[in-house]
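Participant: coords please:
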Amino acid sequence: MSYATQQNLIDRFGASEIQQLSDQANVGAINATVVAVALADADELINGYIAAKVVLPLTDVPEILIKLECDIARYYLWGTVAPDLVVTRYKAAVSILKDIAKGEFSPGLDSGGVLEVVNTPIIFQSMQKVFGRDCW
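Facilitator: Numbers count the residues shown, from 1 in each chain. Reported below is the predicted structural model:
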């Protein structure tokens, strides 16, 4: 499931930039396959961070995840020559994802009005005491 679309990238960064970044064959048009790969890679990164806190797939995609995916996909499209602004936005997006993973930031609500949180119980188990007043 993709959070953002090619159109979201165009709306945020302009068709000209997305064309320049994706048109590897110089045909003068946006290469939808290159854009789809960048978006899919961004999906995987986002899912890796939020899967511990949110039931996937989300029924409704919060706007913040669309924005984060656009920033991450744009960074991937730029590759190793990304300008400082693109790198800064990418790092900010990853920072927000880390906050979501730690439970310090909520990405939003689903259609039922509640954030679906995965509650996995933690079970601690220990061995018998080795040292203490009652054992030697």
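Participant: Which residues are in contact with the most centrally placed residue in the chain?
Facilitator: Central residue of the chain (Cα atoms, centre = their mean): Ile46, 2.0 Å from the mean position. Residues in contact with Ile46 (Cβ atoms under 8 Å, 6 or more residues apart in numbering) are 3, 65, 68-69, 72, 97. Quick note: C-beta positions are derived from backbone N, CA and C, even for glycine.
Participant: and of these, the nearest to Phe105?
Facilitator: Closest approach to Phe105 among the contacts of Ile46 (Cβ to Cβ): Leu97, at 8.8 Å.
Participant: Tell me if I'm right that the closest one and Ile50 touch.
Facilitator: Yes: applying Cβ atoms under 8 Å, one finds Leu97 in contact with Ile50, separated by 6.8 Å.
Participant: if we can go back for a sec, next, format the contacts of Ile46 as CSV and append secondary structure, distance to Ala29 and pLDDT.
Facilitator: Compiled in CSV, the contacts of Ile46 are given as follows (DSSP: H, G, I helix; E, B strand; the rest coil; distance: Cβ to Cβ, whole Å; pLDDT from 0 to 100):
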residue, secondary structure, distance to Ala29, pLDDT
Tyr3, coil, 24, 94
Leu65, helix, 28, 95
Leu68, helix, 27, 97
Glu69, helix, 22, 98
Ile72, helix, 23, 98
Leu97, helix, 32, 95
